[in-house]
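Chemist: Could you work out the structure for the sequence below:
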Amino acid sequence: MQKIDIALICGRRPELLYDTLHSFEEKLFRHFSIDNCYANIDPFCGDDEDGRLCRSMILDYFPRARITEPKTPSFGQAVKTVWAQVQSPLVFHLEDDWLALESITPQSVLPLFEGTTRAAKLVCKEDRWNGIDQFHTGKRKFGIGGVTLWRRRYNMFGTGPSFFSSEFVRQCSSLMNPDLDPERQMRPPHNMPLHLYVRQFRCRVMPGVNQPELIVDTGREWRKNRDIAKVVSDGKSVWSAGNSQIS
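Modeler: Presented below is the predicted three-dimensional model:
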């Protein structure tokens, strides 16, 4: 059975984490041999008891999990910390607000890692995947006075549920600025050393068999119901409720 590590990023949201772990146990974890789980529980939302519930749930699924519980929430630092620790050749990155729609097996994942491919991203509705492209890319454009002069495609990586080469994420961690949003700093222009590294490699798109989407984001509805928004400015991201930042 294929060995993998799990990189798990979560806040103190036990109701979301419960559904996420149950879903991925049924659709993914059981098909792989889990070497270890490296998790970060940020003091984001909830209280100390919610944090203890999250820790207990993680240990129920991964008894040897190595769990970091910082005093201050930071998504960038969380990803940097967890990615620096992974050891197995392949790692599955997961956050606490996703559900899997179909079974995900080594037979569907391993053939995607060929050539310069260092990641396989599970497709969600928000990707707006066109059903054709095999690789996850973005477009950078330059214009003057509202007129676009050129567009350039670049290889794009994200922090949604994905399989990664562990060597790739460890190197990303070493270049990552913990004060910036980890996904956005892989793209130009916020952290060019990191972008110059990741642009050498490719991220394969992994859709479902029965529909384009392989996963569903549950965090958007959770935030909407609580009037919580993610605000991104100059490469940094913060959560806010009304006019206040939250942790």
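Chemist: Helices of the chain, residue ranges please.
Modeler: 14-27, 48-61, 75-83, 106-109, 166-175, 192-198, 219-225 (DSSP state H).
Chemist: Against L112, how distant is R187?
Modeler: 22 Å (Cβ to Cβ, to the nearest Å). To be clear about C-beta, it is placed using only N, CA and C from the backbone, and glycine gets the same treatment.
Chemist: ok, the two, which is more surrounded?
Modeler: When neighbours are counted by other Cβ atoms under 10 Å, R187 and L112 differ, and R187 comes out ahead with 21 against 17.
Chemist: show me the contacts for the more buried one.
Modeler: 138, 140, 154, 156, 195 (Cβ atoms under 8 Å, 6 or more residues apart in numbering).
Chemist: closest to E26 among the residues you listed?
Modeler: Distance ranking of the contacts of R187 against E26, using Cβ to Cβ, places M156 first at 29.1 Å.
Chemist: quick revisit: would you convert the helices of the chain into JSON lines that also reports mean neighbour count and mean pLDDT?
Modeler: Below are those laid out as JSON lines (neighbours: other Cβ atoms under 10 Å; pLDDT from 0 to 100):
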{"stretch": "helix 14-27", "mean neighbour count": "18", "mean pLDDT": "98"}
{"stretch": "helix 48-61", "mean neighbour count": "16", "mean pLDDT": "98"}
{"stretch": "helix 75-83", "mean neighbour count": "23", "mean pLDDT": "96"}
{"stretch": "helix 106-109", "mean neighbour count": "15", "mean pLDDT": "96"}
{"stretch": "helix 166-175", "mean neighbour count": "18", "mean pLDDT": "98"}
{"stretch": "helix 192-198", "mean neighbour count": "16", "mean pLDDT": "96"}
{"stretch": "helix 219-225", "mean neighbour count": "13", "mean pLDDT": "88"}
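Chemist: possible to save these as CSV with distance to K125?
Modeler: Listed next are the helices of the chain as CSV, based on distance: least, Cβ to Cβ, whole Å:
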stretch, distance to K125
helix 14-27, 16
helix 48-61, 26
helix 75-83, 22
helix 106-109, 20
helix 166-175, 25
helix 192-198, 24
helix 219-225, 10
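Chemist: any idea how far A78 is from H93?
Modeler: The value you get for H93 to A78, if Cβ to Cβ is used, is 11 Å.
Chemist: Oh, that last question was meant for T117, not what I typed.
Modeler: Distance from T117 to A78, by Cβ to Cβ: 25 Å.
Chemist: do K224 as well
Modeler: 23 Å.
Chemist: Same check on K121?
Modeler: Taking Cβ to Cβ, one finds K121 at 19 Å from A78.
Chemist: nearest spatial neighbour of the most centrally placed residue in the chain, skipping sequence neighbours?
Modeler: Closest residue to the average C-alpha location of the chain: T159 at 2.4 Å, with Cα atoms, centre = their mean. Leaving out its chain neighbours, the residue that sits closest to T159 by Cβ to Cβ, 6 or more residues apart in numbering is E183, at 4.7 Å.
Chemist: ok, back up a step: nearest approach to M1 belongs to which of the helices of the chain?
Modeler: Between the helices of the chain, helix 106-109 lies closest to M1; by Cβ to Cβ that is 7.5 Å.
Chemist: Which residues does the closest one contact?
Modeler: Under Cβ under 8 Å, 6+ apart, the answer for helix 106-109 is 1-2, 31-32, 90, 120, 163, 206.
Chemist: ok, now stretch 23-38?
Modeler: 1-8, 58, 61-62, 64-66, 68, 82, 85-88, 92, 94, 98-106.
Chemist: What subset of these is buried?
Modeler: 4-8, 58, 61-62, 65, 82, 85-86, 88, 92, 94, 98-102, 104, 106 (16 or more other Cβ atoms under 10 Å).
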